Every structure is written in structure tokens, then in C-alpha cells.
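1. What shape does this take:
(2 chains)
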Amino acid sequence: MIRIQEADFNVQDELDAFRQDCPKIGAICSFTGLVREFGDRTDLTGMYLEHYPGMTEKALQKIIDEAYKRWPIEKVRVVHRVGELNLSDQIVFVGVSSAHREASFSACEFIMDYLKVDAPFWKKERTTSGENWVEEKNTDTLRAERWKEDR
Amino acid sequence: MKILFFASLRERLQCEQEQWTDLSGITSAQDILNRLIDRGSPWDAALQNGKLLVSINQEIASLTSKVNPDDEVAFFPPVTGG
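-> Numbering: from 1, shown residues only, chains lettered A, B, ... in the order given. I've put the predicted structure just below:
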């Protein structure tokens, strides 16, 4: 299940949906990403998130399909917000259910790592002194690449 | 052929999308890029500035990838979501 939306989401509702989906699960692992103030700057007031409608869903589905191939997982839910967001707002939810915890832990991290480098979303920071597009982080690329060594 | 631009690139070009009917000499994504760069400012600077990603029909592609008349080709900077 993939949703791209401007509206906020409720983590508990997303978690509850897993339990209704499948009685075979013994574990749900989830990650929630938030708009944060940066360590080296305190003038961030929020951000704007742009995406490529159509391609976003395809790219996310490809990442999720790969997770299904790698781990015995039951269900995946990804919710990503777009548009204007404020400090401490929720940006992204990734949840994975499985019979045992190892698979959901790993798959959740894998999906999040690839989402950062393969899904067409772009952040533009709003600060008290203006707006600027966030540049890609090398650490994000490295985090995604380490999964390749596991194969 | 539909050509799309996103994020910082869209802003620098002040262009979100174009529809091309004259496709003479266009066989790869690189050919599209060359034609855009040949327009001069601000296209040349924006498109030759650092990392540029290209997708064809909503799948990541490379500049050497072949394009067809009905394709949707997009250019954008590295992604920063999540």
C-alpha cells in the first residue's frame, strides 16, 4: 500500500491496519520521519516537498517488490507527504509486518534507505533568511549501497 | 514527446513541461539534452550544472537511453525525500 498525500497521517491507524490485514503476523516494524531543525542551523521554519506524480508510486513499488524478494514479509505500508510542512511535522511512514521480527526490521530499514535515493521527492527548506533546495547527501547513497554487499 | 523538469531545475528553467513534435535528430536522452543546452541561458548553465538525472516513461534511465516519439522524458536533480 502506497499513499502520497498532503494530509497528515496517524501512525496508530497505520499500525492498526496491519492487524486487520493479516492474522499471521507476529511483528510490525515502522519508521516515521519528521521535519527537524538542523544541528548546524536553527533558522529552519519548515519545508516544501515536491514529487513526480506517477513515477513516485512506480519507484516505491519497485523498492517494495525488492523487499518482498529478500525477506519473508507479509505487508508493507508507505505513506509520504508532499506540499508545505512545518517543523516537527510527520513526513514519511514506512511500516512492514512479518511473522518474525528480523524480517520486518530489515525490510523497513531497506525500504527507507532506498526511498531516500530512488524515489523522486525533493525537499526545499524554508528558513528565516529564504528558501533553498536540499542537496543529496552522500551518506544516504552509502546507506543504500551497503544493501548491495549483502546480496 | 513530453519533456518534464522538476524541483530546483524546474525553477532555474522556469519551465515545468514542454511538448515536442519536431523530433528530427532526437534518438537518445542526450540528444534532447543537447537541444536544450543549445538554447543558451539559462538552459545551458542549469543543465550542465553538476548531477542531472533522467527518466524515461517514469523509470530511471541514462543519457544514452533511446527515446521514442510517445515517450515522457524527465530531467531532475538527485532526490532528497524521506
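
2. so residue A:16 is in which element?
-> Element membership of residue A:16 [criterion: DSSP states H and E] is helix A:11-21.

3. One more: residue A:66?
-> helix A:55-70.

4. Check which helices and strands the next helix or strand after that helix is in contact with.
-> Toward the C-terminus, helix A:55-70 is succeeded by strand A:73-81 as the next helix or strand (DSSP H and E). Other helices and strands packing on strand A:73-81, by 3 or more Cβ pairs under 8 Å, 6 or more residues apart in numbering or on different chains; DSSP states H and E, are strand A:2-5, helix A:11-21, helix A:55-70, strand A:90-98, helix A:101-118. In short, each C-beta sits where N, CA and C put it, glycine included.

5. what's near enough to touch the most far-flung residue of chain A relative to its centre?
-> In chain A, counting by Cα atoms, centre = their mean, residue A:129 sits farthest out from the average C-alpha position, at 28.3 Å. Residue A:129 is in contact with residue A:43, counting by Cβ atoms under 8 Å, 6 or more residues apart in numbering or on different chains.

6. and the helix holding residue A:16, average pLDDT?
-> On average, the pLDDT along helix A:11-21 is 93.

7. ok, back up a step: would you single out the least confident of the helices and strands packed on strand A:73-81?
-> helix A:11-21 (a mean of 93).

8. quick check, the helix or strand harbouring residue B:30 touching chain A?
-> Using DSSP H and E, residue B:30 sits in helix B:29-37. No: if you take Cβ under 8 Å from any Cβ of the partner chain as the test, helix B:29-37 misses chain A, and the best it gets is 14.9 Å.
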